[in-house]
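Colleague: All I have is the shape, not the residue letters:
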């Protein structure tokens, strides 16, 4: 190991955020907006999950834009039924 090249290891990514966790994030976020006292653990929960939630929102918007584009196809485009 004579060379000093840094080894890059991709950061781990969590799985899908469950509905109970989403409910807790929503409640904590609303409490913060109302300037109510919030536990530090709720702040950490929001900070740790915000990037993944934003990515999911972006993907959802892209998917909805694609669906919208397909639904406005020209009249000469015919969609075959799926079996």
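Modeller: Perfect, I can see it now. Model, not experiment: these values are computed from the prediction.
Colleague: Look at the closest residue to residue 31 other than its chain neighbours and tell me its secondary structure.
Modeller: The shortest distance from residue 31 to any residue other than its chain neighbours is 5.0 Å, reached at residue 38 (CB to CB, 6 or more residues apart in numbering). C-betas here are computed from N, CA, C, even on glycine. Classification of residue 38 using DSSP: H, G, I helix; E, B strand; the rest coil returns coil.
Colleague: tally of neighbours for residue 38?
Modeller: If you count neighbours by other CB atoms under 10 Å, residue 38 ends up with 17.
Colleague: And for residue 37, nearest residue in space, chain neighbours not counted?
Modeller: residue 31 (7.7 Å).
Colleague: how much space between that neighbour and residue 43?
Modeller: 10 Å (CB to CB, to the nearest Å).
Colleague: how about the closest residue in space to residue 45 that isn't next to it in sequence, what does it touch?
Modeller: Leaving out its chain neighbours, the residue that sits closest to residue 45 by CB to CB, 6+ apart is residue 25, at 6.0 Å. Residues counted as contacts of residue 25 (CB atoms under 8 Å, 6 or more residues apart in numbering) are 17, 45, 46, 49, 53.
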